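1. Sharing a model that was predicted from the sequence below.
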Amino acid sequence: MLVALLLLIVWPVAEVFVAIQIAEAIGVLWMLLLLIVSWPLGIWALRSRGRAAWRRLGEAAARGRPPGREVLDGALILLGGILLIVPGFITDAIGVFLLLPPTRALMRRALVRNFQSRLVVGAARFTRGSGTYDVDSTATDVDQPRLQP
C-alpha cells in the first residue's frame, strides 16, 4: 500500500522533471510533439502486436501445448501499448522496452522466475503451517465428545 502511494506521488513528479529537462534540451514544441506522437504509436502497437500475440496464442493452443509464454507476451504487449498511450517520457521508455522482443523476453524470464520462486515459497509456507501429515492415509474419524451447556 505504501509503495503504491509513493509511486502515485513520485511518478508524476519524475515525469514532469524529465519533460522539463527534455523541453530545455530540444524546445517545448518538439517535446510536446514527441508526447503527442507516442499516442498513435501506442495504439498501433496495441493493434498490431496484440493481434500477433493473439495469433501465437491460438497456434499454441491448436498444437496442444501450454500457451504460458504467449499469454505473458500478450500481457506485456498490452502493458507496453498502454504505457505508450499514457503521456510521459518515462512511461514511453518503459512501453518501448516492453514492446521490443529482446527486452520483452528478458522481462518475461524475470517474471517467470519471480512467479516460480513465489510459488515455491507459498507452497513451503502452506505445508509448514499445516502441522502433522498422514502420508500413509491411516487416519480415522473420531467422535468428539459433546459439550454440555
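-> Perfect, I can see it now.
2. from here on, contacts and neighbour counts on C-alpha atoms
-> OK.
3. Touching stretch 107-115 from outside, list them.
-> Residues from elsewhere that reach stretch 107-115, judged by C-alpha atoms under 8 Å, 6 or more residues apart in numbering: R69, L72, D73, L98.
4. One more: stretch 53-60?
-> Residues from elsewhere that reach stretch 53-60, judged by C-alpha under 8 Å, 6+ apart: P66, P67, E70, V71, D73, G74.
5. By residue count, tell me the biggest helix in the protein.
-> In terms of residue count, the longest helix belonging to the chain (DSSP state H) is helix 28-63.
6. Okay, buried residues for that helix please.
-> 31, 35, 38-39, 41-42, 45-46, 49-50, 53-54, 56-57, 60 (16 or more other C-alpha atoms under 10 Å).
7. for stretch 87-106, same thing?
-> Buried-residue list, stretch 87-106, by 16+ other C-alpha under 10 Å: 87-92, 95-99, 104-105.
8. Helices - which of these land there?
-> Using DSSP H, the buried residues of stretch 87-106 in helices are F89, I90, T91, D92, G95, V96, F97, L98, L99, R104, A105.
9. quick one: low-confidence parts of the protein?
-> 118-137, 139-149 (pLDDT under 70).
10. can you do 90?
-> 1-8, 38-39, 41-42, 44-75, 78, 81, 87, 101, 108-149 (pLDDT under 90).
11. L83 touches D92, doesn't it?
-> Yes. Here L83 reaches D92: they are 5.9 Å apart, a contact under C-alpha atoms under 8 Å.
12. Helix 89-99 and the strand or helix carrying E24, what's the angle between them?
-> Per DSSP states H and E: E24 is located in helix 2-26. For helix 2-26 against helix 89-99, the angle by axes from the mean of the first three to the mean of the last three C-alpha atoms, to 10 degrees is 100 degrees.
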